[in-house]
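Chemist: Any chance you could fold what I've pasted below:
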Amino acid sequence: MTSSIGNPLIRLRDVSKCYELGARRFTALRHISLDVDHGERVAFVGKSGSGKTTLINLLTGIDSPTAGEIHVAGHAIHQMSQEELTVWRGRNVGIVFQFFQLLPTLTIVENVMLPMDFCDMFEQSQRRPRALALLRRLGIPDQADKLPADLSGGQQQRAAIARALANDPPIVVADEPTGNLDASTSDEVMSLLGSLANDGKTVLTVTHERDVDRFFTRKLTLRDGMVDGDSAGVLKVCA
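Modeler: Below is the predicted model of the structure:
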């Protein structure tokens, strides 16, 4: 077995995920072993059904592996209970969804504050100023007191990225973040996600975008539930 040099932020060993569909057993991921280092910008690519979203769900603790081990920042998340995973995820992972998932009855700034309130992060007096600062960084400070329905798709995705950064997590995960955006706005969002590594974030993105090399330092290709290619070479994928 080969592995990346040093202590990786994320380490998977012989991870598989199976689903029971009635009398049929479907294997979504097959014996995946790989490392992701601190500060990497990784794009997971592959055809629909290749296992990309399943892998992301395992890395974030949204789903659990059928077999194998998943260690993230020294935590064996495959051994955690759902309650433990909820607390861990809220403090360590920021998630950006394809359909934004902003609460429609809350203003944009309130949506960004929500993770801080949920995880009791930062002093209460600091939360709104922090949320406004994140919206300013994402280029939409003037949208802070509007409802999500009043924003364009690109503005909503920027707000979703701000929300993902609310608790200053070391890992940011985006699942098809440009799926509902036009080409120009898609480039802007992908560039924003890629730039988060400059702050020391590790960025993991599931995408169908073809030109990911402009925004990400590493591309992992999945096929039939297995890693079929890794632009970082053999030192990052373990046999």
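Chemist: what about the lowest-mean-pLDDT helix or strand in the chain, distance to the chain center?
Modeler: Among the helices and strands of the chain, helix 183-195 carries the lowest confidence by mean pLDDT, DSSP states H and E, at a mean of 88. Its chain's C-alpha centre and that of helix 183-195 lie 15 Å apart, by C-alpha atoms, centre = their mean, to the nearest Å.
Chemist: outside of that helix, which residues touch it?
Modeler: Residues outside helix 183-195 that contact it (C-beta atoms under 8 Å, 6 or more residues apart in numbering): 41, 96, 138, 152-154, 157-158, 161, 172, 174, 177-178, 181, 203, 205, 207, 209, 212, 214-216. (Each C-beta comes from the backbone N, C-alpha and C, glycine too.)
Chemist: which stretch of helix or strand covers the most centrally placed residue in the chain?
Modeler: In the chain, the centroid-proximal residue (C-alpha atoms, centre = their mean) is V173; its distance is 0.8 Å. Using DSSP states H and E, V173 falls within strand 171-175.
Chemist: Partner strands of that strand, with direction?
Modeler: Sheet pairing of strand 171-175 (DSSP bridges) gives strand 93-96 (parallel), strand 202-206 (parallel).
Chemist: what is the mean pLDDT for the first one?
Modeler: Per-residue pLDDT values over strand 93-96 give a mean of 94.
Chemist: and the next element down the chain from that strand?
Modeler: Next element after strand 93-96 (DSSP H and E): helix 108-119.
Chemist: Can you verify T178 is assigned to a helix?
Modeler: No. With DSSP: H, G, I helix; E, B strand; the rest coil as the criterion, T178 is assigned coil and is not in a helix.
Chemist: tell me the contacts of it?
Modeler: Taking C-beta under 8 Å, 6+ apart as the test, what T178 contacts is 157, 185-186, 189-190, 207, 209.
Chemist: Not counting stretch 44-57 itself, show me its contacts.
Modeler: 17, 28-29, 32, 63, 173, 175-176, 204-208, 212, 219-226, 228.
Chemist: Among those residues, which lie within strands?
Modeler: 17, 28-29, 32, 173, 175, 204-206, 219-223, 226, 228 (DSSP state E).
Chemist: Narrow those residues to just the buried residues.
Modeler: With burial judged by 16 or more other C-beta atoms under 10 Å, the buried subset of the ones in strands among the contacts of stretch 44-57 is 17, 28-29, 32, 173, 175, 204-206, 219-222, 226.
Chemist: out of those residues, who's nearest E84?
Modeler: Nearest to E84 among these, counting by C-beta to C-beta, is V173 at 18.4 Å.
Chemist: Who does the closest one form a beta bridge with?
Modeler: Residues in beta-bridge contact with V173 (DSSP bridges): I95, L204.
Chemist: quick one, what contacts N7?
Modeler: Taking C-beta under 8 Å, 6+ apart as the definition of contact, N7 has no neighbours.
Chemist: Tell me if it really is in a strand.
Modeler: No. N7: not assigned to a strand; according to three-state DSSP it is coil.
Chemist: For G74, see how far away it is.
Modeler: 8 Å (C-beta to C-beta, to the nearest Å).
Chemist: where do the contact lists of those two overlap?
Modeler: Counting by C-beta under 8 Å, 6+ apart, N7 and G74 have no shared contacts at all.
Chemist: Give me the buried positions along stretch 59-69.
Modeler: Under the neighbour-count criterion of 16+ other C-beta under 10 Å, stretch 59-69 has 59-63, 65-66, 68 buried.
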